[in-house]
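*Asks:* Starting from these lines, generate the structure:
(chains A, B and C)
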Amino acid sequence: MHFPRLFMVAAVISAVSVSACRRDAPEPPAPPPPPPAQAGPDMDSLRAYQDSVARAQEAARAEAERQRRVEAARATLTAMVNFDYDDSSIRSDMEPILRQKVEILRASPNVRLRLEGHTDERGSGEYNLALGSRRAQSVLNFFRDSGISENRFETTSYGEERPLVNRSDEAAWAQNRRVEFAIIAGNDQINPPGQD
Amino acid sequence: MIGPRISPGPGSHSSPRRAAGALAAFVAVALPLLSLAAPAKAQVVEDRFPGVSLELISEGTRALPFAIQPFAAPPGREDLAQRAENIAARNLRYSNRFQVLDSLPSSITRGSEVDYALWDQVGAAFLLTGRIEVSGNRVELVTEVHDVIYRERRGQGRFALPGVDTPEFRMAVHAASDAAVEWATGEPGMAASRIVFSRLGEGGNRELWVVDSDGENLRRLTNHGNLALTPAWSPDGRRIAFTSFVSGLPRIYELDLATNRERQVPAPRSGDYITPAYAPDGQTLAFAITGSSGRSGLYTYNIGRECCFTTLIESRNEDLSPTFSPDGRRIAFMSNRLGVGAPQIYLMPAGGGQAEILSPYRFDRRGYYSSPDWSPRGDRVAYYGRIDRIGWHQILISEVGRGNRILQLTPNQSGNNEDPSWAPDGRHLVFTNGSGRGGATSLRIVDAVTGNTRTLVSGMDVKYPDWSPSLARLVTAVDDR
Amino acid sequence: MTGWNRNPNRPDRGPVVASVTLHVAVIVGALVLHHLTFAPAEFVAYEINIVSMADPDLPEEIALPDPDELVVEIPDPDPPAPEPEPEPAPPQPRPDPVPPPQPAPTREPPPPDPPRVDPPRQPPPAQRPPPSDPPPERPETPANVDINVRMAGLQRDYPAYYGRILAAMSACWRSPPGVEGVSSTLRFEIERDGTIRARSIEPFRRSGNGVFDLRAVQAVECAGENQRIPPLPDDIPGDRLPVQFTFTTTGFRE
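*Replies:* Presented below is the predicted three-dimensional model:
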């Protein structure tokens, strides 16, 4: 909502990259090559065998790489976002991670998230439940304004009841003021965003 | 603690009861007297008056001396009598309305006839007598309150006593104590009541616990293994509404204390359902929904008929923690509509409508006020907060219609005092006290009239206490009077 | 921390001042009236004020930007500051001065100090013990610890005797529930023997609350019974002592 034009451009770019991504979506891993029918100095079959091993290794490497990228995407998707004291607006230093989440969400249309707002322990417990809600709503609004349907999210708030760090100092409070991201659907359908 | 009162010059006050200016001269005479810590002084006034003019000013803090005659019992049941007597004596002290005499003339024994002259001599204004009556399986406590000065009986009651080690035994004696308070003063007591609260347990979870008004009989009510928050008693004392995360999302539940069964208030739309409160009809629940697609507000649902969601107020702000006036016509609640970080207390008609601010909002002060609770007497709302941006939270009271005048019940240096809830007598409040670091560590009770404070429970992380209505009617009172 | 600001112009004083003012008004009114209806007395009037020091030393007193707007009343620490440490010890509510020491069933005259006032509050008006105050017949009512007393007397003061009248009224006073911030003034005469004849009791200034006024009459009747008020001191002239008595119940923290 701060940079609507920027978002529009981003949306176009990512739409392209998403479709590109779909085109060369990873093929299913190659079946393991059949063992050589006979052991003979058949150079052709040996070469074919070596090729198939290389292909399989290549496929496995690609698959591992893909898995690594999926895991990285999952970690990005569930990375927490922090807030200032008694504030629910998105901090500018939190926008990059949110944009990365947007990319992943675009690439993974079946993924749904629960946005869980949290606060530090200061202030009224009831008020903090509401403040946590508001933080979750802020994140939801960011996603919606980035073109992700809000139907893919639910929000809730734990207020001050679930601190990440159980201490009472500024550092702990800063970590406790956060929104957490729980994947509630499509956990096995996370696609890393397309490469540029 | 007590120092001379600094008197402003005459004329600096604008009390509505102030008399005409013609009397300023007399005020000038009287004021120096006020500022004296020394014994009162006689002051010559050049006037003539054939007699003496005296005035007795009684404050609410007046505590009449109350004696308890040792309860009588059939042979072998003296322990029962003693136990009931001890509970009653503590209740009368906790009422903060009396000065309970605890040394009695040696000529007084269990079950003596009431000797007004003797009790008058001792200095008692009121006398409580009691006797245990046993017939078959039935054990009853018969109590009377006598006005020693007027030499007449003010009331008599008969209370069924269940087994001596059951919570109901104590509750029956509490009911008898409240009757004694009422016979003596005409005002309700609060001994026969309980306080429900949210207590931190294992794994960061919170369950609802309950304790009697005298700190006895502490026990757990829920077993959700999650967060159970902001409990509220129904007006009949038989049910408790609260917020629980047991389903994963905060929803409102009602626990029936007799059957231990729970039911959930349906959630027809998304959002967090929090801070329930019963209307005086006992059927309507008001509560807040926050974070529902940017819309938040206060809503009601008729849990008796299981229908009828009604929107009281809805906006992009958060309106929370509704509490009904005892006549059911108004609601107090907290809202951040005047700015994030500075929630305030508001009043509005129970059906929704124009809200007026109750807390002492000042634009430049960023006062922070939360968790209102409307007094059962109807004329005051308690809440907590701080007047400035920093500082401990204190328990505050505003009189409805006089919001600019607030009474602070907790001393400045006493840590964070939060979540006040009125007792059914309309003068005591329970609240949490803590360091402000982490959860509160005790529940305390303060008498809004005398300022006396006691600790109800301590040594645990506690939140959101709610004081029940009088539970005396749930006790099997055999008859009244 | 020093968060709390208080209005230097604390209104909890207001009622006291107002009350004093009102009281003085009553006295003046009474003076005028008596002047017209009673035989002029050769007395010099005294006014004795025993007013509890309701207000604490506050730990923090901070100037407020606009004092007229916000008024915070900090609790009367007269009741003890909430004990810093939770102690589940047996309850001992604070305004519980030690009860009278094991009173013997026989009547023993305790020192004749007039109405008991809460310890931290103003001591009793025993400033000028009258020479001829009769030995008290009954122990002081330890009754009321928290009563403000105001007297205006004549001729010379008999603080101890007036204290007995106040103690009797205090013991007999049963404020009706829920009635606050009202006053009822009566006139009556105390006979030489300390009794009050019912027909001498007349309302002078009603409170506007019928129950309150009735309780006031009942209190005066009660005070005249059971030797609650001792006989008049010998040097009080006349057959009986005219008294104008005001019952006042303060409102919410006033």
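*Asks:* Residue A:65: neighbouring residues, count only.
*Replies:* Neighbouring residues of residue A:65 were enumerated by other CB atoms under 10 Å in any protein chain shown; the total is 12. Just so you know, the C-beta spots here come from the backbone N, C-alpha and C atoms, and that holds for glycine as well.
*Asks:* Can I take it that it is in a helix?
*Replies:* Yes - according to DSSP: H, G, I helix; E, B strand; the rest coil, residue A:65 belongs to a helix.
*Asks:* how close does it get to residue B:76?
*Replies:* With distances taken as CB to CB, to the nearest Å, residue A:65 is found 87 Å from residue B:76.
*Asks:* again with residue A:56
*Replies:* Between residue A:56 and residue B:76 the computed distance is 93 Å (CB to CB).
*Asks:* Then residue A:70?
*Replies:* Between residue A:70 and residue B:76 the distance is 79 Å, computed by CB to CB.
*Asks:* Report the rounded mean pLDDT for stretch B:364-380.
*Replies:* If you average the pLDDT over stretch B:364-380, you get 90.
*Asks:* go on, stretch B:461-474?
*Replies:* The pLDDT scores in stretch B:461-474 average 94.
*Asks:* Any residue of that stretch touching chain C?
*Replies:* No - using CB under 8 Å from any CB of the partner chain, stretch B:461-474 stays clear of chain C, coming no nearer than 11.5 Å.
*Asks:* Now do the end-to-end distance for that stretch.
*Replies:* End-to-end distance for stretch B:461-474, by CA to CA, to the nearest Å: 30 Å.
*Asks:* where does chain A have low pLDDT?
*Replies:* Along chain A, the model assigns pLDDT under 70 to residues A:1-41, A:195-196.
*Asks:* for chain B, same thing?
*Replies:* Along chain B, the model assigns pLDDT under 70 to residues B:1-50, B:388-389, B:403-404, B:436-439, B:476-481.
*Asks:* what residues does it put near chain A?
*Replies:* Applying CB under 8 Å from any CB, one finds that chain B approaches chain A through B:204, B:206, B:227, B:229-230, B:245, B:248-250, B:270-272, B:274-275, B:288, B:290-291, B:293-294, B:296, B:318, B:320-321, B:334, B:336, B:340-341, B:343, B:368, B:370-371, B:384, B:418-419, B:436-439, B:463-464.
*Asks:* what about 6 Å?
*Replies:* B:227, B:249, B:272, B:274-275, B:290-291, B:294, B:318, B:320-321, B:341, B:343, B:370, B:437-438, B:463 (CB under 6 Å from any CB of the partner chain).
*Asks:* Quick one, which of the residues you listed are buried?
*Replies:* For these, a neighbour count by 16 or more other CB atoms under 10 Å in any protein chain shown gives the buried set as B:227, B:249, B:272, B:274-275, B:290-291, B:318, B:320-321, B:343, B:370, B:463.
*Asks:* Let's see which of those end up in strands.
*Replies:* Assignment to strands by DSSP state E places the following of these there: B:272, B:274-275, B:290-291, B:320-321, B:370, B:463.
*Asks:* Which of the three states applies to the spatially closest residue to residue C:193 that is not a sequence neighbour?
*Replies:* By the measure of CB to CB, 6 or more residues apart in numbering or on different chains, the closest residue to residue C:193 outside its immediate chain neighbours is residue C:231, 5.2 Å from it. Under the three-state scheme (three-state DSSP), the conformation of residue C:231 reads as coil.
*Asks:* Residue C:231: neighbouring residues, count only.
*Replies:* By other CB under 10 Å, 16 other residues sit near residue C:231.
*Asks:* What of residue B:384?
*Replies:* 28.
*Asks:* next one: the one 10 residues further on
*Replies:* The criterion is other CB under 10 Å. On that basis, residue B:394 has 27 neighbouring residues.
*Asks:* my read: it touches residue B:411, true?
*Replies:* No - with contact defined as CB atoms under 6 Å, residue B:394 does not count as touching residue B:411 (8.2 Å).
*Asks:* which residues in the chain form helices?
*Replies:* All of this is about chain A. Shown for chain A, the helices assigned by DSSP state H span residues A:4-23, A:43-78, A:95-107, A:125-145, A:170-176.
*Asks:* hm, I was asking about chain B
*Replies:* Taking DSSP H, the helices of chain B run over residues B:24-34, B:78-94, B:116-122, B:167-185.
*Asks:* Packed most tightly, which of the ones you listed would that be?
*Replies:* Across these, the average number of neighbours (mean count of other CB atoms under 10 Å in any protein chain shown) peaks for helix B:167-185, which reaches a mean of 24.
*Asks:* Across the sheet, point out what pairs with the closest residue to residue B:223 other than its chain neighbours.
*Replies:* Residue nearest to residue B:223 in three dimensions, not counting chain neighbours: residue B:207, with 6.6 Å by CB to CB, 6+ apart. For residue B:207, the beta-bridge assignment (DSSP bridges) gives partners residue B:199.
*Asks:* still on that earlier bit, which one of the helices of chain B lies closest to residue C:185?
*Replies:* Taking CB to CB as the criterion, helix B:24-34 is the member of the helices of chain B that comes nearest to residue C:185, at 16.8 Å.
*Asks:* who's the nearest residue to residue B:218 once chain neighbours are set aside bridged to?
*Replies:* In space, and not counting its chain neighbours, residue B:218 is closest to residue B:211: 4.4 Å by CB to CB, 6+ apart. Beta-bridge partners for residue B:211, by DSSP bridges, are residue B:195.
*Asks:* okay, now residue 146: neighbour count?
*Replies:* Using chain A. By other CB under 10 Å, 19 other residues sit near residue A:146.
*Asks:* Actually, chain B is the one I wanted.
*Replies:* Taking other CB under 10 Å as the definition, residue B:146 ends up with a neighbour count of 25.
*Asks:* Contact partners for it?
*Replies:* B:114, B:127, B:153 (CB atoms under 6 Å, 6 or more residues apart in numbering or on different chains).
*Asks:* Pull out the buried members of the residues you listed.
*Replies:* With neighbours counted using 16+ other CB under 10 Å, the contacts of residue B:146 contain these buried positions: residue B:127.
*Asks:* Check the contacts of residue B:146 against chain C and report the nearest one.
*Replies:* Chain C has its nearest neighbour among those in residue B:127, at 13.5 Å by CB to the nearest CB.
*Asks:* Surely that closest one and residue B:67 touch.
*Replies:* Yes - at 5.0 Å, residue B:127 and residue B:67 qualify as touching, with contact defined as CB under 6 Å.
*Asks:* Name the residues contacting each of these two.
*Replies:* Between them, residue B:127 and residue B:67 have residue B:119 as joint contacts when contacts are counted by CB under 6 Å, 6+ apart.
*Asks:* The ones in strands among the buried ones among the residues of chain B next to chain A into a markdown table, with extra columns for distance to residue B:123?
*Replies:* Output for those, formatted as a markdown table (distance: CB to CB, whole Å):
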| residue | distance to residue B:123 |
| --- | --- |
| B:272 | 58 |
| B:274 | 52 |
| B:275 | 48 |
| B:290 | 57 |
| B:291 | 61 |
| B:320 | 50 |
| B:321 | 46 |
| B:370 | 45 |
| B:463 | 44 |
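*Asks:* Of all pairs in these, which one is the farthest apart?
*Replies:* Using CB to CB, the pair of these lying farthest apart is B:291 and B:463, separated by 20.6 Å.
*Asks:* out of residue A:56 and residue B:76, which sits in the more crowded spot?
*Replies:* Each of residue A:56 and residue B:76 has its neighbours counted (other CB under 10 Å); residue A:56 has more, 15 against 8.
*Asks:* Okay, now stretch B:258-269: how far is its last residue from its first?
*Replies:* Taking CA to CA, stretch B:258-269 runs 31 Å from one end to the other.
*Asks:* What parts of chain A come near chain C?
*Replies:* Residues of chain A lying close to chain C by CB under 6 Å from any CB: none are found.
*Asks:* Can you show me the strands along the stretch 201-350 of chain B?
*Replies:* When secondary structure is read from DSSP state E, counting those that start in this stretch, the stretch 201-350 of chain B shows strands at B:206-212, B:219-220, B:228-233, B:239-244, B:251-256, B:261-264, B:272-278, B:284-292, B:295-302, B:307-315, B:319-324, B:330-335, B:344-349.
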